[in-house]
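K.L.:
just the structure for this:
(one chain, ligands or ions: 1)
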Amino acid sequence: MKLVYLAASAAVWSICAFTKQAETPKTAVLTNLAVATADQKAVVVSKEDAVKRGEYLVTIMGCADCHAPKKMTPQGPAPDMDRFLSGHNSSQPLGTFDKSILKTGEWVVFNGQSTAFAGPWGMSFAANLTPDATGIGSWSFEQFNTAMRKGKFKGLENSRPLMPPMPWFNYVNMADEDMRAIFAYLKSIKPVSNVVPSYIPPAP
Ligand code: HEC
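P.N.:
Alright, predicted model coming up:
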């Protein structure tokens, strides 16, 4: 009987020992991650990592929903990758609609590409975010930061406010590394020459 007990307790001990051993590396991994996270803030991330993170953020934040012209697919409109993030395509005719529906201020109208938007604010056109001269090619990070956090056209302090539906107020508290990552990614994509039409204030 005693022997059985001993054998059983030995088994329990070895299980405990095994569990302990198994736990140790887990804790070590967690500690390493924490250190890595703390380090990442201090150390400048590599350019490739920033571009990757920027691509991820631009995707999950849906910038292309407005900033990319669309192509029709069996699933509905999808970003046209040849003109990715190049804003409202100025070479495509705008099309017409009954402007009287805007008068009441009750309706907002999107064009079929979801790049031109009419509403109580007038008519706005999604900007060209590619690194072409007609996009953000000559922009500094400070300009981008000002556009994104303060909603200023071209990121210039004295310029007009950015109009809906650009949701810049959602980006005010974005972590600085993320803002830089998005900028790095946008600077890395294919430049597309496209002068987006100017904003049209509401008819009096
Ligand atoms: C719901 C539509 C929509 C979404 C989503 C959106 N934007 Fe915009 N964005 C616009 C429109 C429209 C304008 C032009 C506003 C104007 O001219 O007043 C604009 C303007 C901008 C500008 C200013 C360009 C300039 O020339 O001043 C920047 C920068 C910008 N968007 C970046 C982004 C980024 C980056 C994202 C994703 C994180 C994003 N936008 C998401 C619609 C959108």
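K.L.:
and the next helix or strand past the helix-or-strand element of the chain with minimal mean pLDDT?
P.N.:
Lowest by mean pLDDT, DSSP states H and E among the helices and strands of the chain is helix 2-42, with a mean of 42. Next along the chain after helix 2-42, taking DSSP states H and E as the criterion, comes helix 47-60.
K.L.:
quick one: the very next helix or strand once past that next one to chain centroid distance?
P.N.:
Next along the chain after helix 47-60, taking DSSP H and E as the criterion, comes helix 63-67. With C-alpha atoms, centre = their mean, to the nearest Å as the basis, helix 63-67 stands 9 Å off its chain's centre.
K.L.:
pull up the residues of this protein that are close to the ligand.
P.N.:
Within the chain, the positions adjacent to the ligand are 58, 61-63, 65-67, 117, 124, 126-127, 129, 144, 147-148, 153-154, 162-163, 165-167, 182, 199 by C-beta under 6 Å from any ligand atom. (Glycine included, C-beta is placed from N, CA and C.)
K.L.:
helices - which of the residues you listed land there?
P.N.:
Those of these mapping onto helices are 58, 63, 65-67, 144, 147-148, 182, per DSSP state H.
K.L.:
how is the protein divided into domains?
P.N.:
The record assigns the chain these domain ranges, following automatic domain parsing: 1-43, 47-188.
K.L.:
closest to Ala203 out of these?
P.N.:
Of all the domains of the chain, domain 47-188 sits nearest to Ala203, with 7.2 Å by C-beta to C-beta.
K.L.:
just the endpoints, please. Distance across the closest one?
P.N.:
By C-alpha to C-alpha, to the nearest Å, the extent of domain 47-188 from end to end equals 10 Å.
K.L.:
and that domain, how far out from the chain's middle?
P.N.:
Distance, stretch centre to chain centre, for domain 47-188: 10 Å (C-alpha atoms, centre = their mean).
K.L.:
state the mean pLDDT of it.
P.N.:
For domain 47-188, the mean pLDDT works out to 96.
K.L.:
wait, Gly105 touches Trp121, no?
P.N.:
No - in this structure, Gly105 is not within contact of Trp121 by C-beta atoms under 8 Å, at 9.8 Å.
K.L.:
so the two - more neighbours on which side?
P.N.:
Counting neighbours by other C-beta atoms under 10 Å for Gly105 and for Trp121 shows that Trp121 has the greater number, 18 against 10.
K.L.:
hang on, that one packs against Met166?
P.N.:
No - applying C-beta under 8 Å, one finds Trp121 not in contact with Met166, separated by 10.4 Å.
K.L.:
ok, now which ones touch Gly122?
P.N.:
Counting by C-beta atoms under 8 Å, 6 or more residues apart in numbering, Gly122 touches 163, 199-203.
K.L.:
Glu48 - how many residues pack around it?
P.N.:
By the criterion of other C-beta under 10 Å, Glu48 has 10 neighbours.
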